[in-house]
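Participant: this one's sequence-less:
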DNA sequence: GGCCAATCTGCACGGAGTGCAGATTCGCAC
DNA sequence: GTGCGAATCTGCACTCCGTGCAGATTGGCC
C-alpha cells in the first residue's frame, strides 16, 4: 500500500474526496503488519476518532481493495483480514489465536510448474500458499 | 471418506446412532467430487427425504469433520464446502462460479523446503495450496 | 415391548457484512 | 469568504451463514 500522502493524491485524482475518516484509516493501515480485521481497525480508529462508523471502515477498506492498494485475506476463519503488503508473499496462520504473519519464500519456480502439470480445463490466474500451525506464544500455551 | 457401510460401523463403535438421516448423508457424500456446501447437501437430501432439517445436515457434517472423515474447506468465499477426499491434494477454485476441483500435484518436495526456510518462531503443521482462476465454462463466458 | 440417551426438528439468536436514506461535508467556483 | 452539488458518513434494518436451545422423536439394547 502506498503512503497516506500518495493515497490522498490517488483518491483526489479519481475524484474521490479526502475525508478525515479516510486519512485516519490510511495512517492506521500504512506499514501495518498485523493483518487487522475491519472490526480491529474500527476499534483502533475509534480511539483517535470517537464516533466513526463501522460502516465507514468497511466502505473505505472495500474502496482500497478495489483500487488495488490493499489485499483482502479470506482464508482465516471468522472475519476478513486486510494486508497492505502488496508484494508477492505467503502467510503463516496461527490456528489457535488467528494471528497472521508474512513470509517471503522463493516459490516462484514452484507455482509455475504446478499449473503446467494440470491437464485439466482450467485457467489458473493466481496461486495461494498458506502455512497453518502455531505461533510462538500458542505453541508454548498448548 | 470411508464407505457408507464402514462409516456405519465407525459411528456405532463410538456409541453414535445410525439414523436414516445420517445414512442418507453418508451416501450423498461418498465419492462426491463437487465439494458441496451444507445448503447444497440439504437440497440433495431433501429430494430423497422431504422434511429433513438443515440443522441436521450441519450437525452431521460437523460430526464427520470431527471424526476426520470429511475435510472442511474454508477458502471459498460464501459458505463452507466439504470434501470427502482425504488424500493429500490441492484445489482449483473458480472465482467466477465458485466451483472447486481436486488436483493431485507433487508438491511434497516443495512444501517441506519452505518451512525450513522460515527463520521465525512458528510451528508449521500443514500447508495449503489453492489455485484460483476460471473453470472451462467460465473462461469462455468471460 | 420398554427404557433412556442420542438425535432430529424448528425457531430464536449471534456475528459479519451490505443496502438504504437522511444528514453532513469536501472540493471547487465565484 | 460564501455557496453549491456531489460524494461521503452515519445509523439502522436486513441478509446470509451457522449455532444454541428445548421439546418431540427414535435407535439400540435389555
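Facilitator: Here it is on my side, so go on. Note that the coordinates shown come from a computational prediction; the quantities given were computed from them, not determined experimentally.
Participant: So which residues on chain A come close to chain B?
Facilitator: Residues of chain A lying close to chain B by C-beta under 8 Å from any C-beta of the partner chain are A:74-75, A:77, A:90, A:92, A:94-95, A:101, A:103, A:105-107, A:110, A:114-115, A:117-118, A:120-136, A:139. Every residue, glycine included, has its C-beta placed from N, CA and C.
Participant: Just grab the bridge partners of residue A:122 for me.
Facilitator: residue B:135 (DSSP bridges).
Participant: Could I get the full set of helices for chain A?
Facilitator: A:4-13, A:20-29, A:38-48, A:54-66, A:110-117, A:136-141 (DSSP state H).
Participant: Please identify the most buried of the ones you listed.
Facilitator: Ranked by mean neighbour count, these are led by helix A:20-29 with a mean of 19 (mean count of other C-beta atoms under 10 Å in any protein chain shown).
Participant: how much does it deviate in direction from helix A:38-48?
Facilitator: 110 degrees (axes from the mean of the first three to the mean of the last three C-alpha atoms, to 10 degrees).
Participant: can helix A:20-29 be found next to DNA strand C?
Facilitator: Yes: Helix A:20-29 is in contact with DNA strand C by C-beta under 7 Å from any atom of the strand, via residue A:20.
Participant: Report the rounded mean pLDDT for that helix.
Facilitator: Here helix A:20-29 scores 98 as its mean pLDDT.
Participant: which other helices and strands contact it?
Facilitator: Contacts defined by 3 or more C-beta pairs under 8 Å, 6 or more residues apart in numbering or on different chains; DSSP states H and E place helix A:20-29 against helix A:4-13, helix A:38-48, helix A:54-66.
Participant: Now do the same for the residue nearest the centre of chain A: its pLDDT.
Facilitator: Nearest to the geometric centre of chain A sits residue A:83, at 1.9 Å (C-alpha atoms, centre = their mean). Looking at residue A:83, its pLDDT stands at 98.
Participant: In terms of mean pLDDT, which of the helices of chain A ranks lowest?
Facilitator: Among those, helix A:110-117 scores lowest, with a mean of 56.
Participant: Make a markdown table out of the helices and strands packed on helix A:20-29 and add distance to residue B:29.
Facilitator: Output for these, formatted as a markdown table (distance: least, C-beta to C-beta, whole Å):
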| stretch | distance to residue B:29 |
| --- | --- |
| helix A:4-13 | 47 |
| helix A:38-48 | 34 |
| helix A:54-66 | 35 |
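Participant: Those into CSV, with extra columns for distance to DNA strand D?
Facilitator: Output for the helices and strands packed on helix A:20-29, formatted as CSV (distance: least, C-beta to the nearest atom of the strand, whole Å):
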stretch, distance to DNA strand D
helix A:4-13, 7
helix A:38-48, 9
helix A:54-66, 3
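Participant: So for residue B:25, which of those sits nearest?
Facilitator: helix A:38-48 (34.5 Å; C-beta to C-beta).
Participant: and the closest one, does that touch DNA strand C?
Facilitator: Yes: contact of helix A:38-48 with DNA strand C (C-beta under 7 Å from any atom of the strand) involves A:38, A:39.
Participant: same for that helix, what does it pack against?
Facilitator: Helix A:38-48 packs on helix A:20-29, helix A:54-66, going by 3+ C-beta pairs under 8 Å, 6+ apart.
Participant: what residues does that helix touch?
Facilitator: Identification of contacts with helix A:38-48 by C-beta atoms under 8 Å, 6 or more residues apart in numbering or on different chains yields A:21, A:24-25, A:28-29, A:34, A:36, A:52, A:54, A:57-58, A:61, A:79-80, A:82.
Participant: closest to chain B among those?
Facilitator: Taking C-beta to the nearest C-beta as the measure, chain B sits nearest to residue A:80 out of those, at 9.3 Å.
Participant: Can you name the residues that contact residue A:84?
Facilitator: A:1, A:29, A:30, A:31, A:32, A:69, A:70, A:71.
Participant: among the residues you listed, which are in strands?
Facilitator: residue A:71 (DSSP state E).
Participant: Of the contacts of residue A:84, keep whichever come out buried.
Facilitator: Among those, the ones that count as buried by 16 or more other C-beta atoms under 10 Å in any protein chain shown are A:1, A:29, A:32, A:69, A:70, A:71.
Participant: Identify, from these, the entry nearest to residue B:10.
Facilitator: residue A:71 (41.4 Å).
Participant: how near is that closest one to residue A:100?
Facilitator: 11 Å (C-beta to C-beta, to the nearest Å).
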